[in-house]
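In: sharing a model that was predicted from the sequence below.
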Amino acid sequence: MASVCACGEYFVVNDEGELCLVPGTMGLRDVIAISTPGVHQFAKGDYPWLSRVRVQVQGGGGGSGGADSEPGEAIFRPGGAGGGWSSALLDVSLLGAIETIVVGAGGAGGTGNQPGTAGGSSSFGGLVVANGGDGGTASMTSGTGLTTASGIPGPFGGTGELAMGGGASQGAIRLSGTSGLAGMGGASHLGHGGYGRATHGPGTSARGWGGGAGGAVSIGGEAQPGSDGGFGIVIVELYG
C-alpha cells in the first residue's frame, strides 16, 4: 500500500484528520489598496487563513491657496505640504475583529485670497497612522515690489514601525508686478507635489498619492484658485 509523508514545517494534521497548511507559511496571498477618501472596514474573519498583515498608510497632501491680485500687481503662492507615511507588519492576533480604515482626502485649494486646507490623516485602526500635510498660506499681499512667502513645514511622523512625516513645500517669491515664482508642493513617500509655476494660472496638481499642491499665480488682477492636494491611500498586504 502506498503511503504519503508531509513536511511538518508546512503541513499539519488537525483534530478532524485533515491535512492543513501551517499558518504563516503561505506567504503573500492578496493585496488590498483603498484609495477612496473616507471610512472603510477590514474584517479579519473574511480571511480564515490570515496570519499577518503588512500595512502602509499615506496621508493626504495639503491644498494651495488662491490668489487674487489688484490690477497691475501680482501674487505668488507657496505650495501645500506633503502627507506623512507609516508602515507596520502586524500579527493577526493584534487585530480586532473589525479594524476601521480611514483614507485621508487631499486638502482643498483656496479661492480668492484664501489659504488651502490641510490634507486628512490616513489610518488602519489605531495601529498605523499617517498625518496629513498642511495647506499653503495666503500671506503674500498684492503688489509690485520684491517679497517672499515661506513654504509650509511637513507634518510629523505618525504611528507605526516605520513612520515619517511628509515633505515641506517650497516658498514663493515676487520679483515685480509681472514676474516671480510660486512654490512647489511638498513630496510624500508615495507621491510628488505640484510644480512651481512662474506664469499666471491656478495651483498645480500633485501626482501619485499624498503630494501637496503647487501654488497659484495671479498677475494683473485676475483671480486664480489653488489646487487640491493629493488624496491618501491605505495598502494592506495579506499573508497566510
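Out: Right, received. Where do you want to start?

In: okay, now the unreliable bits of the chain?
Out: The chain contains residues with pLDDT under 70 at 1-11, 17-21, 23-24.

In: if we use 50, what do you get?
Out: Along the chain, no part satisfies pLDDT under 50.

In: hey, where'd the helices end up in it?
Out: Using DSSP state H, no helices are found in the chain.

In: tell me the contacts of residue 207?
Out: Listed by CB atoms under 8 Å, 6 or more residues apart in numbering, the contact set of residue 207 reads 191-192, 194, 230. Yep, even glycine has a C-beta here, placed from its N, CA and C like the rest.

In: check the gap between it and residue 183 for me.
Out: 16 Å (CB to CB, to the nearest Å).

In: same check on residue 78?
Out: Separation of residue 78 from residue 183 (CB to CB): 4 Å.

In: intersection of neighbour lists for these two?
Out: Shared contacts of residue 78 and residue 183 (CB under 8 Å, 6+ apart): 136, 149, 151, 169-172, 215.

In: who are the contact partners of the closest residue to residue 105 other than its chain neighbours?
Out: Residue nearest to residue 105 in three dimensions, not counting chain neighbours: residue 37, with 3.8 Å by CB to CB, 6 or more residues apart in numbering. Going by CB under 8 Å, 6+ apart, residue 37 touches 60, 103-106, 120, 231-232.

In: just flag the most distant two among those residues.
Out: In those, the most distant members under the criterion CB to CB are 103 and 106, with 10.5 Å between them.

In: okay, and the common contacts of these two?
Out: 37, 120, 231-232.

In: who wins for neighbours among those?
Out: Counting neighbours by other CB atoms under 10 Å, the top entry in the shared contacts of residue 103 and residue 106 is residue 232, with 34 neighbours.

In: now do the phi/psi pair for it.
Out: phi -80, psi -170 (degrees, to the nearest 10).

In: which residues sit in contact with it?
Out: Neighbouring residues of residue 232 by CB under 8 Å, 6+ apart: 35, 37, 57-60, 83, 103-106, 119-122, 130, 132, 209-210.

In: for the nearest residue to residue 182 once chain neighbours are set aside, give me its contacts.
Out: With sequence-adjacent residues excluded and distances taken as CB to CB, 6+ apart, residue 182 is closest to residue 215, at 3.4 Å. Counting by CB under 8 Å, 6+ apart, residue 215 makes contact with 64-65, 67, 76-79, 136, 169, 172, 182-185, 194, 196-197, 203-204, 226.

In: before we move on, what about residue 74?
Out: Residue 74 neighbours (CB under 8 Å, 6+ apart): 142-144, 174, 176-180, 217-220.

In: can you check residue 181 too?
Out: So residue 181 contacts 76, 172-173, 196-198 (CB under 8 Å, 6+ apart).

In: would you check how far apart it and residue 48 are?
Out: Going from residue 181 to residue 48 by CB to CB gives 56 Å.

In: try residue 108
Out: For residue 108, the distance to residue 48 equals 42 Å [CB to CB].

In: just residue 31 next, same as before
Out: In terms of CB to CB, residue 31 sits 18 Å off from residue 48.

In: residue 107: neighbour count?
Out: 33.

In: quick check: closest non-adjacent residue to it.
Out: Here the nearest residue to residue 107 in space, its sequence neighbours aside, is residue 63; by CB to CB, 6+ apart that works out to 3.7 Å.

In: try residue 96
Out: The shortest distance from residue 96 to any non-neighbouring residue, by CB to CB, 6+ apart, is to residue 125 (6.7 Å).
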